[in-house]
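> starting from these lines, generate the structure:
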Amino acid sequence: MSGLLYADVTQSWSEKGGGIRVYLNRKRRFILERTQDRHLLVIPGRRDEVVEEARAITVTLRSPKVPGSPNYRLLLRNGAVREALRRFRPDLIECQDAYNLPWAVLRYRRDHPECALVASFMTDFPTAYTKRIGDGLAGDRFGSAAARVAYRYLAGLYRRFDAVIALSEHGGANKLRSIGVERVFVAPLGVDVEEFSEAGRAEVLRAEAGCVGNSPLLIYVGRLDGEKRAATVIEAFARLPVNLGAKLVLIGDGPLRKQFAGLSGVHCTGFIRDRGLLARWLASADLYVSGMADETFGISVIEAQAAGLPVVGVAAGAMIDRVPAGLGLLGPVDDAKAMAANIVALLADPGRAAIRGAAARMPRH
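Numbering: from 1, shown residues only. The predicted model follows:
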């Protein structure tokens, strides 16, 4: 068969959405619609399965669920991964995580040196996971030391790849270069501005969230867990003046959903599979809010911006790149008081309306 075969091997495949799933689906669509090449996807799932549809091949490998994160699975069967790669013989492999799967593709490349290997820095796991868990177990000093060890591991791993893709300067590229990783390229993601736009604003959705008249509607999209710092958004919302009449919509699922669902003024939709409905919810809001400090890109942020929303976030990670001056306000990490103040300030700004539309949708790199 003519054309190249591009492969993606990932641990981070959620049965309920997620940024990496969106990225991989859009990448596959681009390959199939814009080229004569083929695409191979190797992912964890409920059972072993191989689906071949013309130029699209999906290999699902039976994997157990991640404890505490039921929408994700642990793909630990490196031998099965290598077997799938040997069967289809890709020309280039991209790996989206830094755990065991990179070693599977590196082992495959040892026997097939003609295959190019690319690593994508999709998750800043030394900070988002290693440090956070270490802090909880034995305090900040232990967590920081554990993170340094994780970054040394990451540097050694990524030096074995032909290239490393970061999604933003502050969300990964600068950090990777600082630990000695060479051949780092920034490839920012995009958003379909036809799908996400102001045109989807729907009063029926605002009413569903409890908004009356011109009362402001805040919105958050993402997992409801500790990593995404959804609790900071909730605490900031609770600090808003009552006479503001604001409401908050949380779109997503996770272990904190039940805790948040009963709070006054908070509307939890759960996970929304329909991308069109997600776009309408964003267009129906007035402000996007996020406390996530370790984003490598922040795809939900640019989806909100495509819908014309100003953003209140934190001055860390990719948020620095995604929210320049004039498109929102950034504050300290884990500071709900500062976030609440920024929400109030932005809602009171008479120039906020100018952010909606072209300014928020302007390309930024």
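
> ok, and what's touching stretch 143-150?
The contact list for stretch 143-150 (C-beta atoms under 8 Å, 6 or more residues apart in numbering) reads 125-127, 130-137. For glycine as for every other residue, the C-beta is placed from the backbone atoms N, C-alpha and C.

> now restrict those residues to buried residues only.
Among the contacts of stretch 143-150, those buried by neighbour count (16 or more other C-beta atoms under 10 Å) are 125-127, 130-132, 134-135.

> identify, from those, the entry nearest to A345.
Nearest to A345, judged by C-beta to C-beta, of those is T127 at 28.2 Å.

> who touches the residue nearest to that closest one when sequence neighbours are not counted in this structure?
Nearest residue to T127, sequence neighbours excluded (C-beta to C-beta, 6 or more residues apart in numbering): D294, at 5.2 Å. Contacts of D294 were listed using C-beta under 8 Å, 6+ apart, and they are 124, 127-128, 227, 316-317.

> repeat that for Y153.
So Y153 contacts A98 (C-beta under 8 Å, 6+ apart).

> and it, what's its pLDDT?
Reported pLDDT at Y153 in the predicted model: 94.

> what's the answer for the one 4 residues further on, then?
Note on L157: pLDDT of 96.

> once you drop chain neighbours, what's closest to E235?
A336 (3.6 Å).

> show me what the host helix or strand of R110 is in contact with.
Here R110 sits within helix 101-111, counting by DSSP states H and E. Defining contact as C-beta under 8 Å, 6+ apart, one finds that helix 101-111 is touched by 9-11, 75, 78-79, 81-82, 85-86, 93, 95, 115, 117, 119, 157, 160-161.

> coming back round to it: any chance of the contacts of stretch 143-150 in CSV, with pLDDT, secondary structure and distance to R62 too?
Below are these laid out as CSV (pLDDT from 0 to 100; DSSP: H, G, I helix; E, B strand; the rest coil; distance: C-beta to C-beta, whole Å):
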residue, pLDDT, secondary structure, distance to R62
F125, 86, helix, 24
P126, 82, helix, 29
T127, 85, helix, 31
T130, 84, helix, 27
K131, 77, helix, 32
R132, 79, helix, 29
I133, 83, helix, 27
G134, 84, helix, 31
D135, 81, helix, 34
G136, 83, helix, 31
L137, 84, helix, 31
